[in-house]
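# sequence-free structure coming up:
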Ligand SMILES: Nc1ncnc2c1ncn2[C@@H]1O[C@H](COP(=O)(O)OP(=O)(O)OP(=O)(O)O)[C@@H](O)[C@H]1O
Ligand SMILES: Nc1nc2c(c(=O)[nH]1)N[C@H]1C(S)=C(S)[C@@H](COP(=O)(O)O)O[C@H]1N2
């Protein structure tokens with residue numbers, strides 16, 4: 001079964017101050033939008049760059065997830081280091097993903113400009129950052145889904161089979 005990564009980055013969810021709702025929101029989107037067998041590889045880590053890098057490297061290099069979606073730690077606060085961790089482990093960045101997610105999010109929330117969310121590839125894994133708010137998950141994934149399956153194919157991953165409820169994706173002929 002295809003492993004798909006979900007990484008929640010939150011000091012407070014890790015400490016049990018609140019329940020992680022954003023990781024499960026990513027799981028819920030995968031469940032609704034994918035029409036193929038998959039299994040989750042879920043990690044919950046604090047806002048510590050080495051811990052985030054270790055989780056991303058493990059999911060990319062050992063578990064071999066073609067897609068890893070992170071949530072949290074993308075803002076300007078001192079402990080927000082998810083983009084730095086993502087940049088450190090990626091071979092290449094894909095700036096269009098962050099630009100498009102911010103552009104779509106700005107239509108509903110003016111503070112979307114505060115997210116430094118990025119995306120990039122590490123070997124055969126596409127890594128995408130999302131903000132921490134549970135409400136941001138589907139909004140951001142919807143903004144970029146059109147390019148996700150083809151990107152996964154371009155980096156040597158499997159062909160995604162999406163459900164009728166998923167946003168339409170584009171595969172150039
Ligand atoms: N994983 C999550 N599950 C549920 N709610 C979340 C999660 N992450 C963030 N939130 C909600 O969004 C609000 C703003 O998130 P914030 O940007 O402070 O997240 P954060 O930087 O990841 O925080 P922390 O690392 O302290 O958990 C939080 O107060 C919380 O209500
Ligand atoms: N779609 C969407 N994007 C969003 C938000 C949101 O609620 N929805 N919150 C913004 C806010 S308030 C912040 S501070 C940044 C960073 O959030 P993070 O540190 O939890 O990743 O994401 C922004 N992007």
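It's in. Nothing here was measured: the structure is a model prediction, and the numbers come from that model. Ligands and ions are numbered 1, 2, ... in the order given.

# need the contact list for the residue of the chain found nearest ligand 2.
Nearest residue of the chain to ligand 2, counting by Cβ to the nearest ligand atom: residue 132, 2.6 Å away. The C-beta positions use only the backbone N, C-alpha and C, and glycine is treated the same way. By Cβ atoms under 8 Å, 6 or more residues apart in numbering, the residues touching residue 132 are 9-10, 22, 71-75.

# Residue 86 too?
52, 56, 70, 118-120, 127, 129.

# In three-state terms, label the residue nearest in space to the middle of the chain for me.
Closest residue to the average C-alpha location of the chain: residue 69 at 2.0 Å, with Cα atoms, centre = their mean. Classification of residue 69 using DSSP: H, G, I helix; E, B strand; the rest coil returns strand.

# pretty sure it is touching residue 131, no?
No: assessed by Cβ atoms under 8 Å, residue 69 is found out of contact with residue 131, at 11.6 Å.

# Which one of the contacts of residue 86 is nearest to residue 166?
residue 119 (18.3 Å; Cβ to Cβ).

# OK, contacts around that closest one?
86, 93-94, 97-98, 126-129, 144.

# The residues you listed in strands, which ones?
93, 126-129 (DSSP state E).

# Contacts for stretch 160-173, please.
Contacts for stretch 160-173 (Cβ under 8 Å, 6+ apart): 32-36, 142, 145-150, 152-153.

# Report the two of these separated the most.
32 and 153 (21.2 Å).

# Show the contacting residues for residue 39.
With Cβ under 8 Å, 6+ apart, residue 39 has these contacts: 1-4.

# One more pass at 10 Å, please.
Applying Cβ atoms under 10 Å, 6 or more residues apart in numbering, we find residue 39 in contact with 1-4, 30, 63, 65.

# If you rank those by neighbours, which is first?
residue 65 (27 neighbours; other Cβ atoms under 10 Å).

# From what I see, that residue and residue 57 are in contact.
No: the pair residue 65 / residue 57 is not scored as a contact, 11.2 Å apart, by Cβ atoms under 10 Å.
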